[in-house]
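K.L.:
Show me the folded form of this:
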Amino acid sequence: MFRLTEFNFHGKTVFLRADLNSPIKDGRIISDARFRGVLPTIIYLLEHGAKLVIGTHQSKPYKGDYTTTEEHAEILSKLLGQEVEYVEDIFGKYAREKIKGLKPGEALMLENLRFAAEEVKYKPMEECERTFFVRKLAPLIDYVVNDAFAAAHRSQPSLVGFARLKPMIMGFLMEKEVDALTRAYGTEEKPRVYVLGGAKVDDSLRVAENVLRNGRAELILTGGLVGHVFTLAKGFHLGDANLEFMERKGLLELVDWAERILDEFYPHVRTPVDFAVDYRGQRVEVDLLSDEKRLFDEHPILDIGSRTVEKYREVLMKARIIVANGPMGVFEREEFALGTVGVFRAIGESPAFSVVGGGHSIASIYQHNITGISHVSTGGGAMLSFFAGEKLPVLEAFRVSYERFKESIRG
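P.N.:
Got it, this is the predicted structure:
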């Protein structure tokens, strides 16, 4: 795959696909984490004289945080110390004129790419190539740099549509992500421990199945709703309140799948031995084998318990490789953050090479000043797809582009 340092960008028009999709509260962006993630790539391109066209998306149509990229351009301008012009157009005449008018070292930001209907659908690369978005912009662009790892599992025009038309290059963030995830997945260092939590249960089951079947993991530790599903699959009853909640979320239909994984890899999947509930406004921990578990009938489980944290900690301190995705419970409530913070802290203190991903995981890490994690991934869904052994469309597009242009670039 092509890397940034192999190219001369001076005077070249570069389309940079970033993922600046950010949390929004009361109409304002409340985190600049994703902006800071792509800053090294942007600075490198501008310092090397590129005429920079930045494209990103923000949310999806009809959602509350679906908005323009005007504030995104403002935040980037402040971080860079130079203007990034907001262009209220995507591939129309106004946008194209603005792109043609760029001088070396200048940058503009296109409107929210998902304002274009073509960008909302997932299509194969060949169909993405034929969209108006790609056909209108391709003649103006010399190179495409993709730094949107968080969207690498999507096949949309701005992400894969230029791959066979222009050299498509990994940005620094993308390079860092691919290197870290490839190291964690491909290594023969043992033991390799996966910590799967959060609410993306089907994705986590795919990861568990893939890494165990292909000999990429020795142990899986579970928490959050993933832990609930595996605990049920082991034959434990989690009480009426939790079963009703899981039925509403469509999670009970995944228990059979979890059971099949346990049948095949039983000793390699660990589940919580105790859980915490909200009992009369207090955190109360309940051992799975005690009579107190009658509390589960009326009180939803909100976290793993202290004994589980200790057991998981022992495993994590001996690991050589750790991959973790998703929180252990409802960490947004301080008294139920104990499990998530305890496990992530143990990952940070472990001598293992560690990769942690997922929006909620990252929020928890920053909120509680957890340090020592080798690589914090910007992409939850993309990271899960990678460890599930699935082909990521953006990584495939890099390979296609490399094969097509390597002779002309390196010749």
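K.L.:
hey, where'd the helices end up in the stretch 251-400 of the chain?
P.N.:
Here the stretch 251-400 of the chain has its helices, by DSSP state H, counting those that start in this stretch, at 255-265, 306-318, 338-349, 359-367, 380-387, 393-410.
K.L.:
So which helix or strand of the chain has the lowest pLDDT on average?
P.N.:
The weakest-scoring helix or strand in the chain, judged by mean pLDDT, DSSP states H and E, is helix 359-367 (a mean of 80).
K.L.:
Mind giving me the packing neighbours of it?
P.N.:
In this structure, helix 359-367 packs against helix 338-349, helix 380-387, with contacts taken as 3 or more C-beta pairs under 8 Å, 6 or more residues apart in numbering; DSSP states H and E. No exception for glycine: its C-beta is placed from N, CA and C like everyone else's.
K.L.:
give me that answer again for 7 Å
P.N.:
Applying 3 or more C-beta pairs under 7 Å, 6 or more residues apart in numbering; DSSP states H and E, one finds that helix 359-367 contacts helix 338-349.
K.L.:
List the buried residues for the helix it packs on?
P.N.:
Of the residues in helix 338-349, 338-348 count as buried by neighbour count, 16 or more other C-beta atoms under 10 Å.
K.L.:
quick one, that helix and helix 306-318 angle?
P.N.:
If you take axes from the mean of the first three to the mean of the last three C-alpha atoms, to 10 degrees, helix 338-349 sits at 10 degrees to helix 306-318.
K.L.:
What sits closest to residue 277 if chain neighbours are left out?
P.N.:
Counting by C-beta to C-beta, 6 or more residues apart in numbering, residue 277 lies nearest to residue 299, which is 3.9 Å off, once chain neighbours are set aside.
K.L.:
count of neighbours near that neighbour?
P.N.:
By other C-beta atoms under 10 Å, the residues close to residue 299 number 19.
K.L.:
Which residue ranges make up the domains of the chain?
P.N.:
Taking automatic domain parsing as the domain assignment, the ranges for the chain are 2-170+391-410, 178-378.
K.L.:
Reformat these as JSON lines; add distance to residue 384.
P.N.:
Supplementary listing: the domains of the chain in JSON lines, determined by distance: least, C-beta to C-beta, whole Å:
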{"stretch": "domain 2-170+391-410", "distance to residue 384": "8"}
{"stretch": "domain 178-378", "distance to residue 384": "4"}
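K.L.:
Now tabulate the helices of the stretch 251-400 of the chain in TSV and tack on distance to residue 54.
P.N.:
As requested, the helices of the stretch 251-400 of the chain are exported to TSV (distance: least, C-beta to C-beta, whole Å):
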stretch	distance to residue 54
helix 255-265	41
helix 306-318	39
helix 338-349	32
helix 359-367	22
helix 380-387	20
helix 393-410	17
